[in-house]
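Student: any chance you can model this:
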Amino acid sequence: HPELQRKKLTSPQKLQMLWSELAEILNALKGPTRTAIKWKESLTHWKHQLRSRARKDKARPQITSGDPPAVEVQEISTFGTATVDGVPDIGSSDHQISSPLYTTTDPVPAPTPSPDPAPAFPAIYIRTLPSSPSPPTSPPLIVYSPDVSHSRLSPPILTSPTPSTSASIVSEAHKPTAVKMLGTVLKKMKAHERREERVISQQQKVLEQNEQLMGVLMQMARERREELQKTSEQNLQLTGVLSQMTQALTAMTTVLNNLTEKLNH
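Tutor: Numbering: from 1, shown residues only. Here you go, the predicted structure:
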C-alpha cells in the first residue's frame, strides 16, 4: 500500500481508513478474510518476523566465522552431491556449499539461465531392510545406482515403516484401557440393575402392606356394620318391651281408677 509505506505523520482517522481500504483489497483476493485490525496485526507480526530473521541470518556468519551451518554439513555428509543443486562444478569431489538465502525486503533480480546443462548424477534408490519382529527403528538404506541417464535429481523419498507392527503395538497399548472401560461400564450396569431390583422389591412390599391394611379396614367395617345391626335390633326389641310396659301401666291405671270410684260410692 503506497500511502502506508510512506513514513509521514498521518492522523489516526486517516490511518484507520487506509487500513480499511487495504483490508477490502486483501479480502477480495483468494485466501482468508479478516477485519482491518486482524490484517494490521498479521502484517505487523510478519514484518517483525522478517526483520528478526534477517538479523539472525546476518549474525550467523559472524558467529560461525564464515563456516556453513551444521545442518548443511550433515546433509552433505549424508547425501553427498544430491543435496546441492544449481552449482556448475558440482560433479567434482570438492562439494561446494551454497550460501543461505536471506529473506529481505529489497527487490530480487531475476535469475539468468546458465548456459551449461545440469550435470547428470547417479539416481538414488531406496531399499528398506526386511521386517523383523521388533519395531522398525533403523533408517532406510540408500543405494547409489551407477545409472547416469537422469539429467536432474529428484529428492530421495523415504519410505515409512510398515504400519502393521506399529498398529499392533498401538492396539495392544489401547487394549487395557478398553478392557477397563468395558469393566467399568458393566459394573455400573450391574449396580443399576441391583438398584432397580431393590426399588421393585420395596414397591412390592408397600403394595402388600397396603393390601393387608385394606383387608383389615374392610373387616373392621364389616364388624362395625354387624354391631350397628345388632344395636338396631336390640333397640327395636327394647322399644317393643317399653311399648308393652306402657300399655300394661295404662291398663293398671284404668283398673285402679275404677276401683277408686267404686270405693268412693
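
Student: quick one: low-confidence parts of this protein?
Tutor: 1-10, 61-176 (pLDDT under 70).

Student: could you redo the last one with a cut-off of 50?
Tutor: Applying pLDDT under 50 to the chain flags residues 82-105, 115-156, 159, 161-170.

Student: where do the helices of it begin and end?
Tutor: For the chain, the helices defined by DSSP state H occupy 2-5, 12-28, 36-64, 70-79, 163-264.

Student: arrange these in JSON lines, one row each, with mean neighbour count as further columns.
Tutor: Where you see a C-beta, it was placed from the backbone N, CA and C, and this is true even at glycine. Below are the helices of the chain laid out as JSON lines (neighbours: other Cβ atoms under 10 Å):
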{"stretch": "helix 2-5", "mean neighbour count": "10"}
{"stretch": "helix 12-28", "mean neighbour count": "13"}
{"stretch": "helix 36-64", "mean neighbour count": "12"}
{"stretch": "helix 70-79", "mean neighbour count": "13"}
{"stretch": "helix 163-264", "mean neighbour count": "10"}
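
Student: separation between Arg198 and His192?
Tutor: Noted for Arg198: a distance of 11 Å to His192, by Cβ to Cβ, to the nearest Å.

Student: same check, this time on Leu182
Tutor: Computed as Cβ to Cβ, the Leu182 to His192 distance reads 16 Å.

Student: I figured Leu22 hits Thr35, correct?
Tutor: No: shown here, Leu22 and Thr35 do not form a contact pair, counting by Cβ atoms under 8 Å, at 11.4 Å.

Student: now Arg34: phi and psi?
Tutor: Note on Arg34: its backbone torsions stand at phi -140, psi 170 [degrees, to the nearest 10].

Student: okay, now it: neighbour count?
Tutor: Counted by other Cβ atoms under 10 Å, the residues lying close to Arg34 total 14.

Student: residue contacts, it?
Tutor: Arg34 makes contacts with Ala23, Leu26, Asn27, Ser42, as judged by Cβ atoms under 8 Å, 6 or more residues apart in numbering.

Student: one more time with 7 Å, if that's ok
Tutor: Residues counted as contacts of Arg34 (Cβ atoms under 7 Å, 6 or more residues apart in numbering) are Ala23.

Student: next one: it from Gln49, what distance?
Tutor: Plainly put, Arg34 is 17 Å away from Gln49 if you go by Cβ to Cβ.

Student: check Leu238 too.
Tutor: 119 Å.

Student: report the separation between Ala178 and Thr184.
Tutor: Here Ala178 is placed at a distance of 11 Å from Thr184 (Cβ to Cβ).

Student: kindly apply the preceding question to Gln202 instead.
Tutor: 27 Å.

Student: next one: Arg195
Tutor: Separation of Arg195 from Thr184 (Cβ to Cβ): 17 Å.

Student: with Leu207 instead?
Tutor: Between Leu207 and Thr184 the computed distance is 35 Å (Cβ to Cβ).

Student: against Leu50, how distant is Gly31?
Tutor: From Gly31 to Leu50 the distance is 19 Å (Cβ to Cβ).

Student: no no, Arg195
Tutor: Per Cβ to Cβ, Arg195 is found 66 Å from Leu50.

Student: quick one: contacts for Trp39?
Tutor: Per Cβ under 7 Å, 6+ apart, neighbours of Trp39: Trp19, Leu22, Ala23, Leu26.

Student: and those residues, which is closest to Arg225?
Tutor: Ala23 (95.5 Å; Cβ to Cβ).

Student: quick check, that closest one in contact with Ile37.
Tutor: No: the criterion here is Cβ atoms under 7 Å, and Ala23 misses it with Ile37 at 8.7 Å.
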